[in-house]
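Participant: what's the 3D shape of this:
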Amino acid sequence: MARTVRSALRAPLRRRALLLSTAGALGAVAATAGCSRVASGDTLDRLRSQGTVRLGIAGEVPYGYVDEQGEFTGEAPELARIVFRRLGIADVQPVATDFASLIPGLNSQQFDVVSAGMYITKERCAQVVFSDPEYQMLDAFVVRKGNPKRLRSYEDVVRAGARFATGTGYAQIGYAVAAGYPEKDIVILQDQVAGLNAVESGRVDVFAGTALTAREVVRKSSRAEATEAFAAVVDGEKRVDAGGFAFRPTDSALRDAFNTELRKMRKSGELFRVMKRFGFTRDEMTTLTAEELCR
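Facilitator: Numbering: from 1, shown residues only. Here you go, the predicted model:
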């Protein structure tokens, strides 16, 4: 990156308060409208006709965020721009909201699709329909330099009695609990920047996130580092997570059209070229399908 990761991460957060305020106002209008109508007809045709698709994002680097110039970017919004343009929709309008509000906002029609690199899980598949994933991901920890407590897995955190933190709505909450960490003792922080600050200041021993998030947030830190990527173990099985776009259950035809273009990009190598710009490696590309991940 041309600028420091710390400043790249903090700039989106400074602007995020304003964006969330604006998004909240827009959401209130949209929610009110949504109460009086039910999605009907062909959504893709409607979006083509209006020329705009609204994307719900959560303000997380590198998935979807606002850069220092005030522009929406990230792997998911950039990928959305390409795919929806090819589907005949020229204008992509990101809408920032809290991660926990993405699925409720989607289903109340505050936006048309969730574009936040959201993990595809069985629980979420009961609420929305997912595209095939654009990436797969392991976990990693942000720890103090030298990793003094030797934390390389959730089981290590439990054995060491380490002070454990992760982000709001993160899958890592469940992984820690599955390893035996008391849920009531987990420190929930706003995002990875808050996690880095907590580790650097000694308030917590470890912050858990995706491997990509961890390695990017510590890039310029002199007091913290990221552990090697690892797979969480749940019920005796290693987990490899994967993220995709979420659509309303009534919009499976739109999801299918999106998947058609996504698969073309994967086959041609274009998908990796887009993802690489945001720190993804070839090891984080995947051929998994949403159907497999929803089982």
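Participant: which regions of the chain lie under the pLDDT threshold?
Facilitator: For the chain, the stretches flagged by pLDDT under 70 are 1-41.
Participant: so where do the helices sit in it?
Facilitator: Listed in chain order, the helices of the chain (DSSP state H) span 5-35, 43-50, 75-86, 102-107, 122-125, 154-160, 172-178, 192-201, 211-217, 252-268, 270-276, 290-293.
Participant: P182 - how many residues pack around it?
Facilitator: Using other CB atoms under 10 Å, P182 is surrounded by 10 other residues. Using the backbone N, CA and C atoms, a C-beta is placed for each residue, glycine as well.
Participant: first to last residue in stretch 104-113, what's the distance?
Facilitator: 11 Å (CA to CA, to the nearest Å).
Participant: Pull out the buried positions in stretch 60-74.
Facilitator: E60, V61, P62, Y63, G64, Y65, V66, F72, T73, G74 (16 or more other CB atoms under 10 Å).
Participant: What's the local residue count around the nearest residue in space to the first one that is not next to it in sequence?
Facilitator: So that's E60. Spatial nearest neighbour of E60, excluding adjacent residues (CB to CB, 6 or more residues apart in numbering): D191 at 6.3 Å. D191 has 24 neighbours, counted by other CB under 10 Å.
Participant: mind checking the backbone torsions on D191?
Facilitator: Torsion angles at D191 (phi, psi; degrees, to the nearest 10) stand at phi -170, psi -170.
Participant: A246 and G105 touch, don't they?
Facilitator: No. Shown here, A246 and G105 do not form a contact pair, counting by CB atoms under 8 Å, at 10.5 Å.
Participant: how near is the nearest residue to A165 once chain neighbours are set aside to F130?
Facilitator: In this structure, A165 finds its nearest non-sequential neighbour in V187, 3.8 Å apart by CB to CB, 6+ apart. Note on V187: its distance to F130, by CB to CB, to the nearest Å, is 29 Å.
Participant: who's more crowded, these two?
Facilitator: Using other CB under 10 Å as the criterion, V187 and F130 rank with F130 on top: 25 against 15.
Participant: Contacts only, for the more buried one.
Facilitator: When contacts are counted by CB atoms under 8 Å, 6 or more residues apart in numbering, F130 is found next to M118, I120, R124, G244, F245, A246, F247, R255, A290, L293, C294.
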